[in-house]
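Asker: Provided below for reference: sequence and predicted model.
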Amino acid sequence: MSEPLFDRPRRADRTGRAVTMSQALDAIADGARVYVCGGAAAPCDIDRAMADERHRWSSLDLVCDRLVAPLAMFDHPNQPFHLTSLQPGPAVDGMRDAGALTTEAVPFSRYGELLAAGGRCPIDVAVIHVSPPGPEGRFSLGVSAATPLAAMAAAPLVIAQVNPRMPYTFGAGELERSEIDLLVDVDHRLVESARAESNPTALLIGSLTASLIPDGAILQIGVGALADAVLTALHGHRDLGIHSGMISDGVIDLSESGALHGTTHPLFPGRMATGLANGTGRLFDFLDRNPAVVTVPASISHGQRTLRALPRFRAVNSAVEVALDGSANGEMIGLRVISGPGGAPDYAEAAAASPDGRYIVTLPATAARGKLSRIVGRLAPGVPATVDGRFVSAVVTENGIADLEGLSDEDRAEALRAVADPDLAVVL
């Protein structure tokens, strides 16, 4: 069941040549800027080879989106590797501590323009991770399509490691051989993300959030314990659809519950649309040649035109803290950057513009074992509003739902105080 070729930027004039690992590394020029795909699709064998053969280069600037685990190259900060991270997380802390990290705080929808010639971070090489060709002769980007597709469109040179353990997913991530310059055969497990352990607070937040999601809704949801709790609480719903930047193991259980049919999706009725997938081997097995899943480019997973047309669109994401005006910070704890904006600004803007869309923020009421309120009076100076408060329609904590739709500034603040920790709300 190969898809018709998606309407996406592509180059079909590449050599598609099978090479050795050494030959692939020979093609990476000293001083190049190299995109390396992340998440479950991190190209571990090429990564280790580049680390082992680092003497080939005096300087290389790596560009990555979110990583599940540190790359082997991070053991050699500035010797020769520097990292520009589009979505910093714990995996890049070593590079940060070594002074070898730069971050780019841009929404997911703008990664392509950032990496393109003329952007702030134009790349010379894209290192991607694909499955072997299927019966139709195409390779597949498998668990990570959206950012690799943008990188392939931008890079003069595309190097793919071809791994039999990469699941074949249908959609925009299906590639002709002529879209790849060099192919290197490897065989290693994908990078797995263990499911976050549930807890009573997460389960309560999940149940409350599920009450805001009607049958027939198209759902975008993040990952982690809160996202899993929401998905679990939705098992009694009907005809839900998924249109998300990322999916995880929780969608398998939702599908098996009978709640997930997606017949209302205007582009992909009956299918889940996603840009990437992070999770365990169970998820990778679920994805392999599964016609119920379609991978899409960022222009569809995060594009305003597509998102605003989704019926009953519900975007559900967590945050570090929410201010009394509804502004959500998802990027910093104190003055330490822990993430980038990711897709949150894209989804919030679209949900607010959609006639029946809603952007929902979920978070526990406290941090630091109950000592700090995550509902705050205002965001501290220098802390970004990842999502503008105007776009947030509801905030859910274990203390209830702050429904902000149509409220004045004063009433929004009062609604948010009501879901803060009662012992800490007095200072708000």
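Answerer: Sure, I can see it. Numbering: from 1, shown residues only.

Asker: what's the first-to-last distance across stretch 37-45?
Answerer: Stretch 37-45 has an end-to-end distance of 12 Å (C-alpha to C-alpha, to the nearest Å).

Asker: the nearest residue to Ala259 once chain neighbours are set aside: neighbour count?
Answerer: Using C-beta to C-beta, 6 or more residues apart in numbering and skipping residues adjacent in sequence, the residue nearest Ala259 is His237, 4.6 Å away. Quick note: C-beta positions are derived from backbone N, CA and C, even for glycine. Per other C-beta atoms under 10 Å, the neighbour tally for His237 reads 19.

Asker: please shift the residue numbers so they start at 468 in all later answers.
Answerer: Done: numbering now begins at 468, and the last item shifts to His704.

Asker: residue contacts, His704?
Answerer: Residues near His704 by C-beta atoms under 8 Å, 6 or more residues apart in numbering: 677, 680, 682, 684, 726.

Asker: how close does the last one get to Val854?
Answerer: Look at Ala726 and Val854: by C-beta to C-beta, to the nearest Å, they are 27 Å apart.

Asker: with the first one instead?
Answerer: Distance from Ala677 to Val854, counting by C-beta to C-beta: 21 Å.

Asker: okay but Arg656 is in contact with Arg632, surely?
Answerer: Yes - Arg656 is within contact range of Arg632, at 6.0 Å (criterion: C-beta atoms under 8 Å).

Asker: in terms of neighbours, single out the busier of the two.
Answerer: Taking other C-beta under 10 Å, Arg656 and Arg632 do not tie; Arg632 has more neighbours (16 against 11).

Asker: ramachandran coordinates for that one?
Answerer: Torsion angles at Arg632 (phi, psi; degrees, to the nearest 10) stand at phi -90, psi -10.

Asker: what does the one 10 residues further on give?
Answerer: Listed backbone geometry of Leu642 is phi -120, psi 140, with angles given as degrees, to the nearest 10.

Asker: please apply the same query to Glu641.
Answerer: For Glu641, the backbone dihedrals (degrees, to the nearest 10) come out as phi -80, psi 130.

Asker: now Pro848: how far from Arg563?
Answerer: In terms of C-beta to C-beta, Pro848 sits 21 Å off from Arg563.

Asker: ok, back up a step: of Ala677 and Val854, who's got more company?
Answerer: The residue with more neighbours, out of Ala677 and Val854, is Val854; 28 against 19, by other C-beta under 10 Å.

Asker: what sits against the more buried one?
Answerer: With the criterion set at C-beta under 8 Å, 6+ apart, Val854 makes contact with 784, 786, 794-795, 797, 811-812, 815, 826, 828.

Asker: buried ones among the contacts of His704?
Answerer: For the contacts of His704, burial is judged from neighbour counts taken by 16 or more other C-beta atoms under 10 Å, and it is met by 677, 680, 684, 726.

Asker: list just the nearest of these to Val625.
Answerer: Nearest to Val625 out of the buried ones among the contacts of His704 is Ala684 (C-beta to C-beta; 37.4 Å).
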